[in-house]
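Student: Would you be able to build a 3D model of this:
(one chain, ligands or ions: 2)
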Amino acid sequence: MNIPSSMPPGVAFLSGQFTAENGIKKITRCGDLSGVFYDRAAWQAIPVDTPVYRVEMLRSPQGEGELFVGITHLQPGRVGDEFYMTRGHFHQRREQGEVYFGLRGTGLLLLQNEQGVARLEQISPGSVHIIPGFTAHRLINTGSEVLSALAVWPSVAGHDYAALAHGFALRVIEQDGKIQAKEVQHG
Ligand SMILES: O=P(O)(O)OC[C@H]1O[C@](O)(CO)[C@@H](O)[C@@H]1O
Ligand SMILES: [Fe+2]
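Tutor: Ligands and ions are numbered 1, 2, ... in the order given. Take a look at the predicted model:
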């Protein structure tokens, strides 16, 4: 094309990776996820340096009205009978929402409102997920390959992990060879 224009970064659908290597990368390992999986003995049996998920982000401006774009790559696996998942969070600025887009692999997006009501959406290549404000979110890999999902969220949103210190209201496990969601009784 011979008109003045620039080439933005893209996503390679087969690998679920950004095409441009200009981003920030963060790896979350098993040892970082203390208290996240309910079977503590099974969690302790996994080497602390085992990677569970990796987030790559594009460099973008920060501030009111600006957006972050990132891809989370969540490994397949389980801690005991519970599938690998991200830590999960509310946004510090609760009113700020987010969009997830499934790129590779299969799993579930766990959503939970401030009243503690949880629900699950199936995530797979091409699925689009609107996470409203005031809604905590966590990715769960129920498949046998890496689950990759692109996320777009306001740079001012921030993360609030403390509000979920007691975990989400649903856990996703494999039982009798089937994927099952179990309600958690808190308190
Ligand atoms: O902050 P957590 O729960 O580890 O999850 C990381 C993912 O969440 C995000 O905040 C997007 O919601 C990104 O940083 C990344 O995709
Ligand atoms: Fe988020």
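Student: which stretches of the protein form helices?
Tutor: 40-44 (DSSP state H).
Student: got the residues of it near ligand 1?
Tutor: With C-beta under 6 Å from any ligand atom as the criterion, the chain meets ligand 1 at residues 28, 55, 70, 72, 86-89, 98, 151, 153, 159. C-beta: built from backbone N, CA, C; applies to glycine.
Student: thought residue 62 was touching residue 155?
Tutor: Yes - assessed by C-beta atoms under 8 Å, residue 62 is found in contact with residue 155 at 4.3 Å.
Student: Need the residues touching each of the two.
Tutor: Residues touching both residue 62 and residue 155 (C-beta atoms under 8 Å, 6 or more residues apart in numbering): residue 68.
Student: Which one's more surrounded, the two?
Tutor: residue 155 (15 against 11; other C-beta atoms under 10 Å).
Student: ok, back up a step: can you tell me which of the residues of the chain next to ligand 1 are buried?
Tutor: In the residues of the chain next to ligand 1, burial by neighbour count holds for 28, 55, 70, 72, 86-89, 98, 151, 153, counting by 16 or more other C-beta atoms under 10 Å.
Student: Next, the contact list for the spatially closest residue to residue 58 that is not a sequence neighbour, please.
Tutor: In space, and not counting its chain neighbours, residue 58 is closest to residue 69: 4.7 Å by C-beta to C-beta, 6 or more residues apart in numbering. Applying C-beta under 8 Å, 6+ apart, we find residue 69 in contact with 57-58, 60, 150-152.
Student: mind listing which of those are in strands?
Tutor: Judged by DSSP state E, these include 57, 150-152 as members of strands.
Student: quick one: residue 80 and residue 40 touch, right?
Tutor: No - the criterion here is C-beta under 8 Å, and residue 80 misses it with residue 40 at 9.1 Å.
Student: The two: which has the busier surroundings?
Tutor: residue 80 (15 against 12).
Student: Give me the distance between the more buried one and residue 178.
Tutor: 16 Å (C-beta to C-beta, to the nearest Å).
Student: Likewise for residue 146?
Tutor: According to C-beta to C-beta, residue 146 and residue 178 sit 22 Å apart.
Student: and what of residue 58?
Tutor: As judged by C-beta to C-beta, residue 58 and residue 178 stand 38 Å apart.
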